[in-house]
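Trainee: Just a sequence and a predicted model for now, questions to come.
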Amino acid sequence: RGTRSFGTYTRRPGVLTRVASLFARRGYNIYSLAVAPAEEEGMSRITVVVDVDSSPLEQIVKQLFKLIDVVKISELDPRRSVERERLLGTVRATADSRHQVVELCGIFEGKVLAVAPDAVTLSLEGHPDKLDDFEELLAGYGIVELQRTGRVALPKLDRSARLRAVNSPNMTPPTRKGQV
């Protein structure tokens with residue numbers, strides 16, 4: 001499917017309603033919408049994943065910039081950004097199948113949050129494709145409830161910035177427990 005992620009930096013909280021309304025009025029299909037306070041006081045970061053098959057990319061960006069409180073918009077190309085999402089799910093797990101569900105969760109580096117006689121609640125964080133694969137495999141056991149947060153994304157650091165960070169004289173190497 002033709003989706004694109006956008007990082008939108010806004011001046012004040014409460015812009016989420018205006019962004020969602022703008023997309024709804026224009027008939028754009030939103031696949032994911034996440035918002036949180038940004039690193040700068042009084043700013044919010046919104047990550048929007050939209051269906052670009054339903055409307056041209058340029059039109060979406062123009063409409064976002066019409067909102068007065070939008071300071072910056074970045075298209076987050078999947079090849080040049082880091083995307084993450086969280087999944088919480090409760091899956092049927094009888095005494096016979098519980099071990100398999102827990103093992104599957106471990107393979108995907110997830111966490112078991114709660115166990116009941118006939119179900120298990122799991123948590124998994126990662127790239128949306130990883131969560132899609134996990135969800136597909138869980139379906140075979142019977143999904144009781146499932147919630148995904150929606151994508152959050154940031155641009156990847158360029159290679160030179162990554163190397164500068166690693167080679168910085170101010171950067172102290174991590175120590176292991178018990179080491180001084």
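Mentor: It's in.

Trainee: hey, what's residue 120 bridged with?
Mentor: residue 91, residue 115 (DSSP bridges).

Trainee: That one contacts residue 93, doesn't it?
Mentor: Yes. Here residue 120 reaches residue 93: they are 4.4 Å apart, a contact under CB atoms under 8 Å. Any C-beta I mention is one placed from the backbone N, CA and C, and that applies to glycine too.

Trainee: got any residues that touch both of these two?
Mentor: 101-102 (CB atoms under 8 Å, 6 or more residues apart in numbering).

Trainee: do you know how far the most centrally placed residue in the chain is from residue 93?
Mentor: Nearest to the mean C-alpha position of the chain, by CA atoms, centre = their mean, lies residue 151 at 2.5 Å. Residue 151 sits 28 Å away from residue 93, going by CB to CB, to the nearest Å.

Trainee: Kindly report the same for residue 28.
Mentor: 39 Å.

Trainee: Equivalent analysis for residue 137, please.
Mentor: 13 Å.

Trainee: more neighbours, the two?
Mentor: residue 93 (24 against 14; other CB atoms under 10 Å).

Trainee: Just to check, the more buried one is in contact with residue 117?
Mentor: No. Counting by CB under 8 Å, residue 93 does not reach residue 117; the two are 9.2 Å apart.

Trainee: Check residue 179 and give its pLDDT.
Mentor: Listed pLDDT for residue 179 reads 48.

Trainee: which residues in the chain form strands?
Mentor: Per DSSP state E, the chain carries strands over the ranges 3-10, 30-37, 44-51, 70-75, 81-92, 111-116, 119-126, 143-148, 152-155.
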